[in-house]
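Q: Predicted model and sequence below, questions to follow.
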Amino acid sequence: MLRGPLSQPMLPFPSLDDHFYEQSPKGRHLCLVLSVLGPSVESFRRSSPGAYLPVHVVKKIIADVVEALNELQEKKIVHGGEQGLL
């Protein structure tokens, strides 16, 4: 049986919680506020045995985050929720 943050059901895709417009020198930008899809790395770490993650798991998480942020950047999408991610 799962305990901790992984025991909570995760959504298969984000839901739109809100939106707003931001004005900058480069124009008006639509900003979307989306739901969180899963637990933070910190809560995952705290729920693991010994409250630490093996190095290979940390490397995989970092590689996945960097890849996802790179894909967003290539599509000219800004992700502003990195705080608390790692």
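A: Perfect, thanks for sending it. Residues are numbered from 1 along each chain as shown.

Q: Contacts for stretch 18-25 next, please.
A: Arg28, His29, Leu30, Cys31, Leu32, Val33 (Cβ atoms under 8 Å, 6 or more residues apart in numbering). All C-beta atoms are positioned from the backbone trio N, CA, C, and that covers glycine.

Q: buried residues in stretch 31-43?
A: Within stretch 31-43, the residues that count as buried by 16 or more other Cβ atoms under 10 Å are Pro39, Val41.

Q: How about stretch 60-70?
A: Buried residues in stretch 60-70 (16+ other Cβ under 10 Å): Ile61.

Q: same question for it, mean pLDDT?
A: Stretch 60-70 shows a mean pLDDT of 88.

Q: again with stretch 38-48
A: pLDDT averaged over stretch 38-48 gives 84.

Q: All the helices of the protein, residue numbers only.
A: With DSSP state H as the criterion, the chain has helices at 41-47, 55-74.

Q: Can I get the ones you listed in a markdown table including distance to Ser15?
A: Listed next are the helices of the chain as a markdown table, based on distance: least, Cβ to Cβ, whole Å:
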| stretch | distance to Ser15 |
| --- | --- |
| helix 41-47 | 20 |
| helix 55-74 | 18 |
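
Q: before we move on, back to that, looking at the contacts of stretch 18-25, which is nearest Phe13?
A: Nearest to Phe13 out of the contacts of stretch 18-25 is Leu32 (Cβ to Cβ; 12.9 Å).

Q: Kindly provide the distance from that closest one to Gly38.
A: The gap separating Leu32 from Gly38 is 18 Å, by Cβ to Cβ, to the nearest Å.

Q: same check, this time on Asp17
A: Asp17 is 16 Å from Gly38, by Cβ to Cβ.
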